[in-house]
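1. just to be clear, the model below is a prediction. Sequence and coordinates:
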Amino acid sequence: MEKKLANIPHDKLLHFFYGAIISFILGLFIPQLYVILSVLLIAVAKELHDLFIKRTKIDYLDIVFTLTPAFLI
């Protein structure tokens, strides 16, 4: 298991971590479907921020890693 985690880039683990925190907090107050949609909106907004403000490319895997925990609550 450690070797598999070591192969995941640090950035992707951070996206998963923050996606989990956001999903957990939202999950306390709203149904799962709305959690998924909210986290998706947040993840896309973050990538658009990276595109237009930081001038980097959109990383679709960042969106996937951020959104994954929303399906697990």
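-> Thanks, I have it.

2. isn't Ile73 right next to Ser23, touching?
-> Yes: counting by C-beta atoms under 8 Å, Ile73 touches Ser23, with 5.3 Å between them. C-betas here are computed from N, CA, C, even on glycine.

3. more crowded one of those two?
-> Between Ile73 and Ser23, counted using other C-beta atoms under 10 Å, Ser23 has the larger neighbour count: 23 against 14.

4. what sits against Leu72?
-> With contact taken as C-beta atoms under 8 Å, 6 or more residues apart in numbering, Leu72 is in contact with 20, 23.

5. please, which helix or strand holds Tyr18?
-> Using DSSP states H and E, Tyr18 maps to helix 10-27.

6. which of the residues in that helix are buried?
-> Within helix 10-27, the residues that count as buried by 16 or more other C-beta atoms under 10 Å are 15-16, 18-20, 22-23, 26-27.

7. about what we covered before: now list whatever residues contact both of Ile73 and Ser23.
-> The contact lists of Ile73 and Ser23 share Val35, where a contact means C-beta under 8 Å, 6+ apart.
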